[in-house]
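Student: What follows is a predicted protein model with its sequence.
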Amino acid sequence: MFVLGVIYENCTGCHLCELACSYKHGGTFNPLLSRITILTKPEVQTSVQVYCLQCNDAACERVCPVDAIKRDKSGAYVIDYSRCIGCRECAYACPFGAISFDFKARPIKCDLCGGEPECVDVCPHDAIIFGPEEKVSRELKRAKATGVAYGIYGGAESPYRRKKAEEAENFLREIWKRNEGLEL
Amino acid sequence: MSGKQLLHILPERCTGCMDCVKACPMEEPAIRIPKTPGGWDIVVCRHCSPAPCVDACKFGALWVKEDGTVFLAKELCTSCKACAAVCPFGAVFLGPTGEMVKCDLCNGEPKCVEACKEGALLYGGTPDKGLARERKPVRELLSIRGFV
Amino acid sequence: MSALSEGESEILFIDLSRGKAVKQPVKPEDTKLYLGGRGFNSKTLFEMLNGPIDPLSVENIIALGNGAFAGTALPMTSRLHISTISPLSGILGDGNAGGEFSAMMRYAGYDGIVILGRAERPSYVWIEDEEVEIRDASELWGMKSGELVDTLRDEHGDDVSVAGIGPAGEHLVRFATTMVDKYHAGARGSGAVWATKNLKAIAIRGTKGVEPADPETFYKLSREDLEYFKKSEFVRRIYSVIGTHYGMMSWYPGWKYFQSHLGPDDLPEGLRPRDFAEFEVGRTQCYSCPLACKDVYYLPKSGEYGTSSEFESIYALGSNNGITDTEAILRMEHLADEYGMDVITLGDTIAMARFLHEKGLISDKELDGVSLEWGDAEGQIELVKMTAYRRGFGNKLAEGYRNFAKLVGKEVLAYSYDVKGLNRGWYEVDFMNGIFTLAHATSTRGADHLRGRSWAYWENDVNMDPEAVKRMLEAGLPDYRKDPVGALIEAERACTLADSLGRCKGSINMWFQAVPLVWKYPVFKGTAMLLKAFTGMEFTEKDVVEATDRIYLTEMAINVRQGIRKKHYDVKFPPELAKTERFRRQVKRHWEMVDEYLERRGCDVETAYPKREALERLGIGKVADAIDGKDFPEWDGPPLWPLESYPGGE
Amino acid sequence: MSGGTVIVGGGIGGVYTAMNLIREGFPPEKITIIAREWPAYSRHRLAEFLSSKVPFGRIALGLSKRLSWMGVRVLAGTEAISLDTAEKTVGIKTNGGTSEVEYGNLVVATGGRPFLPPIPGVGLKGVVTFHGSNDVEFLSSLPGGSRTVVIGAGLVGLTAAVALRKLGHGVTVIEARGRILPNLLEGPLAEFVGDHLTRLGIQVLTSSLVEEVEGDEWVEGVRLRGGEEFWAKSVVMATGVRPNSGLLRRDGRPIEVDEAGRTGFPGVYALGDCAMSRDFITGEFVYRPLGFVAGHYAQLVARAIVGRAVADRGVIPTVYEAIGPVEVYAVGLGGAEAEKLGVLGDVEVEGGENWREARVFDADGRLIGWERVQSGHLHSVGSANAYLRIRELHGGRAE
């Protein structure tokens, strides 16, 4: 089963995923119509990513009084709007707030773009990943470990940040060298 | 707000104080808080769209107002209860006088929301991400990550 | 909300004197003529002002513009352009800030906000889509940027964006900034203008979103541009890691008031990118930007979080003052954000004060106990605070670079390395074939690095993608080695374009960033394609170029009314050097280049007024009507007030 | 009054036809309502009228007054006694006098009357139906703690029984067929309701035929075929409704109509408890004396009268009733009705501690009916789902 995961440690809160999502689902750029929501607080570079986890035996599916939510073959719970009565029961049942509403107050939720999630494609920092369950959970763990090393969670000073900056400095010098004598 | 205004319910926050019921200006309160084994449930009209009750009403007594509110015109209602038959939540129900009872959102200023101290009732426009922030795991994450 | 061409977006005029908000639909033809953002702002300023005016008088206006592509998925398009007559320079003063305000404006349905008049009491404006309310802000007055934003978010919700001013603006510090979402500053003194209007902030929430006329094409092109930056090794390994601290290695920051410039191997400990990385706790960026150029830092000594310490703040507050204490520099940068002041003018003004003091041109008596020793970090933190509140010596520093020099005495004006009141240090004309000095001279807001300078010789582009630079040259981009004036004009177009589109150009001074898709469709073809897809109107590369020229000449006309003449296109050197033959030759060369520039721009070579025929060719003959044959009092900086008449001034 | 519309009947069917006509742009002053009783009131509120003693104003339909204000001519206290479809006139009787009213279009909405089975003693004093305000007024005048027998365990009988029980009377319900609510619910669900009625102290007897209502002038009791006797001060006959179709046919059967409520006579329409109606699921015409059916046809007839096209699939029965603590939901066809219409396939029943649910399928396995009974609060029920499913499976959206 393919799943979508968001690596908190990588997310810088640029909101491009929201714009891509709202475009993909309605041809418009409006973060409020996005199926993925990044609540950000840029001043401390922190964010909370709200997105559908496509739970097993999902609450939204169970509570829908008109059976309008069904799991499709990509593993996504998809809302059948020909049946949906807009009672918002699914949104109240979702413990993560991953179901929001459009202008007509219809519930909207992540449908994994039929197996090719656009948000994964646009994310500039590889913070949104999509793949086999085991792989995604491995990535999440690795990111957590990196985050600890990087000092994202506070605690002891980390040599990691300095090292990354040093690498950047060195790479810059490398580029200068490469460009020496460059004919333009 | 360009969208429709919605009354949101978060039953997990309800403590059963009944302030909302007392605050409802209708003769028979249109909001009910039945006890459930795990706590309290909040039964109030969701103002669905497309609402099954509006579809089932053959007397033109239920319609959708411009702001999206599903409105019950008492004058046109015969208490045939077809609406109650198709409402999944029992949110339109038979009152003790034989008349049907249903929330009208107090013309856009719901008194129950004002009365609820627990934040179990919210009122907001759509589209809105407000509800996402209200969910427990999200709130916890927000506080862990230094938002609050 | 859909595309601009349908006239569905509006310009919001907030008249604080009358307590009224008036909306005017954006006409499609205006989009075609002025694009948006800086273009709209300059047009508004030209039309609504009838100069010359005192920037701190009630006549002045502030125009906020979000740029044609605001709120879309085209990366790096969330710059809010803020234009006014600058209290610092007395001419057009504009700057742009990041954050989410510009996207929110678009989502609320506005492509411009114009603030006029003066409110009776401290006020702020709350905007939610169509609803605009002027509210009492007596509780907010005095608040620093961070507290201001937090308070307004408590009131209106976590998702609102706030533009406003800090204490520096309230005290009419002439380089006070408009602060967006706490940490994003728009410079050139607009913050003080807010205060003269009794306006503390605008909080905005938009829900409507934006829909391009041809979403499919627009999104496809946007994705292409995004992918370019995502794939770039330079971005991934340098830019997203050290951001503009890259400049510390690359851009030769000034040392002790431009007495020398630090090369990559001269950087003292404490000023290297790696030193700043020690304080970093994360990276962030403006809305819809993939670059993450901004660091988020934590200051253990004061327990504060801050963000976006940039190259400019490090050189101006740090190296130019001889300060190498990393944490102190970050703290000053943070204080400048909190008070709402421009770090460059702040740092350079203090550096000039140190320099003049060292030369004995400022006596100890005048200092009132303030230390002006090179490298005194703690003392400088104190100076920053004094400046924001105009206390003691800070009251003079608050007048800003050239004005400060004027206060010290006419004779020290020679050490004010400014053009039209704005400071950028000094450079030899021979450096980079004259484009640095020429760019400073021709900038319509005074000496500045963001009006074309670095673009004219592809300074940073070569580091990122030499192949694409080659393609640009092949496509006809003028080569600065052969045609420096042409190169500069083209670069000015690029910057004007970026400001009008809402694209960011500040973070790395790069064509690729400023002009969408230029790496693939040189030079303005990509922009034309995007504009066409977005607005649904026909847009050719020629249209784009003409629009930027129209904007530039309109801005020149604004400055003409403020008293700018050809003599103000001059170039500054330290007075000792200026006397030498070598520099006299360079000055001569500079004026030759200015003449050529004016000629090619369509300006009168004698007066530097834009010529009627050029304006008419661009379809804005009415601009000529406003300046032709008129004589305006000669510019000598903005009118300065008696020091004790400023709020808090002593 | 040529060109005008005359509506015979001041009940739900008549009143709502008038309203819909006005909504369709028909001038109110060209509408005449011939009403024996006025203002119209809702029979659906009789039980509450009885048990909560609400004033009559609360069960009256607010719409009646509104129609008079709008200029609709209401001939109150008037009865239509004859019809000349050739001359397009209706003969009416008012205060002993008779006269004729011309019509352009005629809507027969004469409703139904309670069916009284031929049992000896049904004419005794104290034997009432549960159909009109006078029935309810009599029942509410009974001294507290009286004994009452309700004959017939349909929705009317059971709501009457519960209302009477609430007033403190001793109540016995007698049903001839094998279970209560035989037309509405499947056995296990009926049983569930029965259990709760028993808990309320209502005695329920099924498969019991009443042989005689006993008494001299006033009713004294009821005797069953088995000889068992029940002493009672009053008897409520809730044994069904028959159409008041006399204006159009003599045989006492419901008036036949087409999909728009037209009868065979030009310009004559019929709707409500006096007429047939179309079933959404099967498309068959059936006799279904339920309020919302009248409401449905009131829309269609008005549309047909103003000349708009009517393409209607019929009505999905949607029934809800609170019987004491039990809530009864029924959407679509019940097993009995499905069988009668020849479409019955399977019936599935499931249930929990405080609920039971039945799903009725046709021979092709498509859902045609859904029933549920429950007591106490349950967060949500599947009624909307059943309603949508039935609508989807059988010919799209109901008009």
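Tutor: Done, it's in. Treat the numbers as computed from the prediction; the structure is a model and nothing was measured.
Student: For residue 8, which residues are in contact?
Tutor: All of this refers to chain A. Contacts for A:Tyr8 (CB atoms under 8 Å, 6 or more residues apart in numbering or on different chains) come out as A:47, A:49, A:127, A:143, A:147. C-beta: built from backbone N, CA, C; applies to glycine.
Student: my bad, chain B
Tutor: A:88, A:91-92, B:121-124, B:131, B:134.
Student: Dump these into a markdown table; add neighbour count and pLDDT as well.
Tutor: Output for the contacts of B:His8, formatted as a markdown table (neighbours: other CB atoms under 10 Å in any protein chain shown; pLDDT from 0 to 100):
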| residue | neighbour count | pLDDT |
| --- | --- | --- |
| A:Arg88 | 25 | 93 |
| A:Ala91 | 22 | 94 |
| A:Tyr92 | 22 | 93 |
| B:Leu121 | 24 | 95 |
| B:Leu122 | 18 | 92 |
| B:Tyr123 | 18 | 92 |
| B:Gly124 | 19 | 85 |
| B:Leu131 | 23 | 83 |
| B:Glu134 | 17 | 87 |
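Student: Among those, which ones are in strands?
Tutor: Using DSSP state E, the subset of these located in strands is B:121-124.
Student: Contact residues of chain B facing chain D?
Tutor: Residues of chain B lying close to chain D (CB under 8 Å from any CB of the partner chain) are B:34-36, B:41, B:43, B:52, B:55-60, B:74-76, B:78-82, B:84-90, B:94, B:96-99.
Student: those helices in the chain, which residues are they?
Tutor: No chain specified, so I'll use chain A. Along chain A, the stretches classed as helices by DSSP state H are A:16-26, A:59-63, A:89-93, A:118-122, A:133-150, A:159-179.
Student: The intended chain is chain D.
Tutor: Going by DSSP H, chain D shows helices at D:12-23, D:46-51, D:56-59, D:62-70, D:133-140, D:155-166, D:187-199, D:291-305, D:335-340, D:383-393.
Student: Now stretch C:90-100: average pLDDT?
Tutor: Computed over stretch C:90-100, the mean pLDDT rounds to 94.
Student: How about it and chain B, touching?
Tutor: No - using CB under 8 Å from any CB, we find that stretch C:90-100 stays clear of chain B, coming within 13.7 Å at best.
Student: And C:Gln586, how far from C:Pro478?
Tutor: C:Gln586 sits 22 Å away from C:Pro478, going by CB to CB, to the nearest Å.
Student: out of the two, which sits in the more crowded spot?
Tutor: Taking neighbours as other CB atoms under 10 Å in any protein chain shown, C:Gln586 and C:Pro478 compare with C:Gln586 leading, 21 against 18.
Student: how many other residues sit next to A:Pro159?
Tutor: Neighbours of A:Pro159 under the rule other CB under 10 Å: 12.
Student: Distance-wise, check it relative to D:Thr129.
Tutor: To D:Thr129, A:Pro159 is 93 Å away according to CB to CB.
Student: for A:Ile129, same thing?
Tutor: Relative to D:Thr129, A:Ile129 is positioned 72 Å away (CB to CB).
Student: mind listing what the one residue in chain A that gets nearest to chain C touches?
Tutor: Chain A approaches chain C most closely through A:Asn30 (2.4 Å), counting by CB to the nearest CB. By CB under 8 Å, 6+ apart, A:Asn30 lies in contact with A:22, B:127, C:107, C:207-210.
Student: okay, A:Ile129 and D:Thr129: which has more neighbours?
Tutor: Applying other CB under 10 Å to A:Ile129 and D:Thr129 shows that D:Thr129 carries more neighbours, namely 22 against 19.
Student: With adjacent residues omitted, what lies nearest to the more buried one?
Tutor: In space, and not counting its chain neighbours, D:Thr129 is closest to D:Pro114: 3.7 Å by CB to CB, 6 or more residues apart in numbering or on different chains.
Student: ok, the one you found touching D:Asn244?
Tutor: No - distance between D:Pro114 and D:Asn244: 10.9 Å, which falls outside the contact criterion (CB atoms under 8 Å).
Student: Of the two, which one has the most company?
Tutor: Set D:Pro114 next to D:Asn244 and count neighbours by other CB under 10 Å: D:Asn244 wins out with 22 against 19.
Student: The residue lying closest to that one once chain neighbours are set aside: how many residues sit nearby?
Tutor: Leaving aside its chain neighbours, D:Asn244 sits nearest to D:Thr110 (4.0 Å; criterion: CB to CB, 6+ apart). By the other CB under 10 Å criterion, the neighbourhood of D:Thr110 contains 29 residues.
Student: same check, this time on B:Pro11
Tutor: For B:Pro11, the count of nearby residues is 18 (other CB under 10 Å).
Student: could you list every residue that touches it?
Tutor: The contact partners of B:Pro11, taken as CB under 8 Å, 6+ apart, are A:92, B:39-42, B:120.
Student: Return the members of the residues you listed classed as buried.
Tutor: Neighbour-count burial (16 or more other CB atoms under 10 Å in any protein chain shown) applied to these gives A:92, B:40-42, B:120.
Student: What ranges does chain B have for its strands?
Tutor: B:6-9, B:35-36, B:39-40, B:62-64, B:70-72, B:93-94, B:100-101, B:121-124.
Student: any idea of the mean pLDDT in the second one?
Tutor: If you average the pLDDT over strand B:35-36, you get 94.
Student: what does it rub up against?
Tutor: With CB under 8 Å, 6+ apart, strand B:35-36 has contacts from B:16, D:377, D:379.
Student: at 10 Å what do you get?
Tutor: Residues outside strand B:35-36 that contact it (CB atoms under 10 Å, 6 or more residues apart in numbering or on different chains): B:11, B:14, B:16, B:41, D:376-379.
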